[in-house]
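J.: let's see this in three dimensions:
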Amino acid sequence: MSAEHREAVLHYTAAFIGGLFGLYAIICRLTFGSAQTMNMISLISDLLGNDIEDFLYRLGVLILYSASIVLAIAIGERRPRQLKLISLSIDAAATLMLGFFPEDMNHILGLYPIFFAMAFQWCTFKGAYGFVCSSVFSTNNLRQFLAGIVSIVEGKESARVSRMHVFGLTLLSFHLGVAVQFLLWQRFGIPSIWFAFVPIAAAAVMAAVELRDRC
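T.: Presented below is the predicted three-dimensional model:
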């Protein structure tokens with residue numbers, strides 16, 4: 001397996017992990033914990049609606065998410081080779097904590113580990129085969145996948161690995177994670193998130209091999 005192909009498999013594995021976390025956040029806490037659009041909209045509505053407690057919780061989310069992005073960028077500039085293993089370690093720590101959180105805790109506080117871990121992962125696993133592709137949410141991935149289909153139909157796609165291929169497999173991997181987490185949730189409830197240790201461990205092995213080969 002070439003280094004480029006191994007990097008792509010690692011990216012798709014990260015997308016699978018992103019799907020696990022995404023579904024868990026929605027089904028357990030009724031909030032998508034991998035992005036900030038909903039949180040920032042709610043931040044404004046809470047402020048204008050005078051819901052100060054919820055506003056403070058969501059402000060904490062924004063600060064935490066932003067801090068994770070800054071941390072990932074800083075580490076990426078200083079220790080780029082170790083960044084993927086660090087990100088996966090953060091995913092593992094978040095996974096461990098989430099499985100112990102009670103179901104009746106505040107739904108925003110219950111997602112703090114996901115907000116931090118997914119922000120860091122977003123800045124770490126940036127894509128494959130030269131395409132910038134998120135492993136934690138899907139809106140732009142869907143747009144790029146459809147654009148890739150149009151390019152192929154019109155005969156404009158000339159890359160060795162097509163945009164449709166990369167974004168399509170990322171979408172597939174992410175939503176396979178969603179499906180698996182949904183089935184696990186039905187059987188195990190909150191501790192079902194601990195299944196994420198399996199793909200995290202697999203990704204860590206691939207990241208370690210990649211790090212060894214680059215040294």
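
J.: center of the protein - which residue?
T.: The chain has residue 136 as the residue nearest its centroid, 2.8 Å off, counting by CA atoms, centre = their mean.

J.: my guess is it is in a helix, correct?
T.: No: counting by DSSP: H, G, I helix; E, B strand; the rest coil, residue 136 is located in no helix; its state is coil.

J.: gap between it and residue 122?
T.: Note on residue 136: its distance to residue 122, by CB to CB, to the nearest Å, is 5 Å. Where you see a C-beta, it was placed from the backbone N, CA and C, and this is true even at glycine.

J.: so for these two, which residues contact both of them?
T.: When contacts are counted by CB atoms under 8 Å, 6 or more residues apart in numbering, residue 136 and residue 122 are jointly contacted by residue 34.

J.: how about the helices of the chain, start to end?
T.: Here the chain has its helices, by DSSP state H, at 3-29, 37-48, 52-78, 83-98, 112-124, 139-153, 163-188, 197-214.

J.: mind listing what's buried along the third one?
T.: Spelled out, it's helix 52-78. Buried residues in helix 52-78, counted by 16 or more other CB atoms under 10 Å: 54-55, 57-58, 61, 64-65, 68-69, 71-72, 75-76.

J.: make TSV out of those residues and add pLDDT.
T.: Putting the buried residues of helix 52-78 into TSV (pLDDT from 0 to 100) gives the following:
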residue	pLDDT
54	94
55	95
57	96
58	96
61	97
64	97
65	97
68	98
69	98
71	98
72	98
75	97
76	95
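
J.: ok, those vs residue 47, which is closest?
T.: Residue 47 has its nearest neighbour among the buried residues of helix 52-78 in residue 55, at 5.2 Å by CB to CB.

J.: tell me how far the nearest residue to that closest one once chain neighbours are set aside lies from residue 76.
T.: Leaving aside its chain neighbours, residue 55 sits nearest to residue 46 (3.9 Å; criterion: CB to CB, 6 or more residues apart in numbering). As judged by CB to CB, residue 46 and residue 76 stand 33 Å apart.
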